[in-house]
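K.L.:
pasting the sequence and the predicted model now:
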Amino acid sequence: MIPIILDMDPGIDDAVALSIALSNPSIDIKLLTSVAGNVSVDKTTNNLLKLTTFFHQTQIPVAKGAAAPLKKDFSDAAYIHGESGMPGYDFPQVTKEAIKLDAITAMAEELEASIVPMTIVATGSYTNIAMLIQKYPSLLHKIEKFVLMGGSLSGGNVSSVAEFNVFTDPDAADIVFKSGVPIVMVGLDVTLKALLPFETIDAIGSQGEAGEMLQKVMTAYGDTAEGGKPMHDVNTICYLLNPEFYTVKDYWVDIIVSGPAAGATIADTQNRWSEGRLNAQVAVDIDTTAFEKWFVEQVPKMNQY
Ligand code: BDR
Ligand code: CA
């Protein structure tokens, strides 16, 4: 089992990623933390609680994180994810509350208690993990790696160069990429290829209660490409379980924190200015056939919870 801390801003593709992680026996979610992003942090926290309730996994602690980026004003993506962040399905009444600890303290306690270094997966902006790095530098050696959905070497989705999670809090991304902790950057270079075809989404709807829930929320998802919907955040979980689906390249990646290119992730692909330093393994290609097959195989597992 892979023990992870999962930091999210659900968000429809976050919700799909979490549904898979909660029901895959190879993943052991030790802690769920929320961050403001697709919608406010109150809503992303509530959505984490809704999903752990739906999958009868209320033993997993949910801790509320940052309500706003480190320096920028907060701006949501409700135009893509709906006002609630998880529209289209009538979730059961939430039966638990977030824990009293804030996300940063909860992460620190989890890392401290763990006997092995842990992987932190982040599918929202990186505000919480940047705060963790700043407040608890002595715990960095307890983090095996960050697996991040975000960034792009091939153009953005909120500007011509910036991807949403990095754009939301570029100052946090800058801290994370300079932290020295190994990073796997799973960005738009692969997630815009990992489309779930519309027919596949429809077909999932007849596969039990979980399939129906997934089909309904994915149908309400405003992020659409030609032929299907990009399952951005799902790629972090897919990468953890199937790294062989991805082609990764080692680069030094810098974050542009201000100006018209704010939120851009620039890799030294020519090895000209990074002086031999490397800080990220960047996913640059994906076996999309294997991804779709794997995705479809996850749905029956979800109904066992
Ligand atoms: C990222 O932005 C968010 O809207 C999605 O949930 C995903 O994490 C894609 O750019
Ligand atoms: Ca997200």
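P.N.:
Looks like it came in fine. Ligands and ions are numbered 1, 2, ... in the order given.
K.L.:
switch to C-alpha atoms for all contacts and neighbour counts from now on
P.N.:
Will do.
K.L.:
and the helices in the chain?
P.N.:
In the chain, helices defined by DSSP state H lie at 12-23, 41-54, 78-81, 103-113, 127-135, 164-168, 170-177, 188-191, 198-204, 208-219, 234-241, 288-302, listed in chain order.
K.L.:
return the set of buried residues in the fifth one.
P.N.:
Under the neighbour-count criterion of 16 or more other CA atoms under 10 Å, helix 127-135 has 127-133 buried.
K.L.:
give me every residue that touches K216.
P.N.:
For K216, the contact set (CA atoms under 8 Å, 6 or more residues apart in numbering) comprises 88-89, 205.
K.L.:
same list, those residues, but as a markdown table with neighbour count and pLDDT please.
P.N.:
Below are the contacts of K216 laid out as a markdown table (neighbours: other CA atoms under 10 Å; pLDDT from 0 to 100):
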| residue | neighbour count | pLDDT |
| --- | --- | --- |
| G88 | 17 | 93 |
| Y89 | 14 | 96 |
| G205 | 19 | 94 |
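K.L.:
let me know the closest of those to T247.
P.N.:
G205 (31.1 Å; CA to CA).
K.L.:
nearest spatial neighbour of the closest one, chain-adjacent residues omitted?
P.N.:
Closest residue to G205 apart from its sequence neighbours, by CA to CA, 6 or more residues apart in numbering: E212 at 4.2 Å.
K.L.:
what about that neighbour, distance to T105?
P.N.:
Separation of E212 from T105 (CA to CA, to the nearest Å): 36 Å.
K.L.:
and what of D287?
P.N.:
38 Å.
K.L.:
compare neighbour counts for those two and give me the winner.
P.N.:
Using other CA atoms under 10 Å, the more surrounded residue of D287 and T105 is T105, with 17 against 14.
K.L.:
ok, that one - contacts?
P.N.:
Applying CA under 8 Å, 6+ apart to T105 gives the contacts L132.
K.L.:
and the pLDDT at it?
P.N.:
T105 carries a pLDDT value of 98.
K.L.:
ok, it to ligand 2 distance?
P.N.:
Remark: distance between T105 and ligand 2 (CA to the ion, to the nearest Å) = 22 Å.
K.L.:
what does A17 give?
P.N.:
Using CA to the ion, A17 is found at 9 Å from ligand 2.
K.L.:
repeat that for P25.
P.N.:
Remark: distance between P25 and ligand 2 (CA to the ion) = 23 Å.
K.L.:
neighbours of that residue, just the number please.
P.N.:
Neighbourhood size, P25 [other CA under 10 Å]: 11.
K.L.:
kindly report the same for V94.
P.N.:
For V94, the tally of surrounding residues (other CA under 10 Å) stands at 16.
K.L.:
tell me the contacts of it?
P.N.:
Shown in contact with V94 (CA under 8 Å, 6+ apart): 49-50, 53.
K.L.:
Throw these into JSON lines and include neighbour count and pLDDT, thanks.
P.N.:
Converted to JSON lines, these look like this (neighbours: other CA under 10 Å; pLDDT from 0 to 100):
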{"residue": "L49", "neighbour count": "24", "pLDDT": "98"}
{"residue": "K50", "neighbour count": "21", "pLDDT": "97"}
{"residue": "T53", "neighbour count": "19", "pLDDT": "95"}
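K.L.:
can you list the weak-confidence ranges in this structure?
P.N.:
The model of the chain has pLDDT under 70 over residues 305.
K.L.:
quick one: residues contacting the closest residue to ligand 1 within the stretch 151-300 of the chain.
P.N.:
Nearest to ligand 1, among the residues of the stretch 151-300 of the chain, is F164, at 4.3 Å (CA to the nearest ligand atom). By CA under 8 Å, 6+ apart, the residues touching F164 are 125, 150-151, 156-158, 263.
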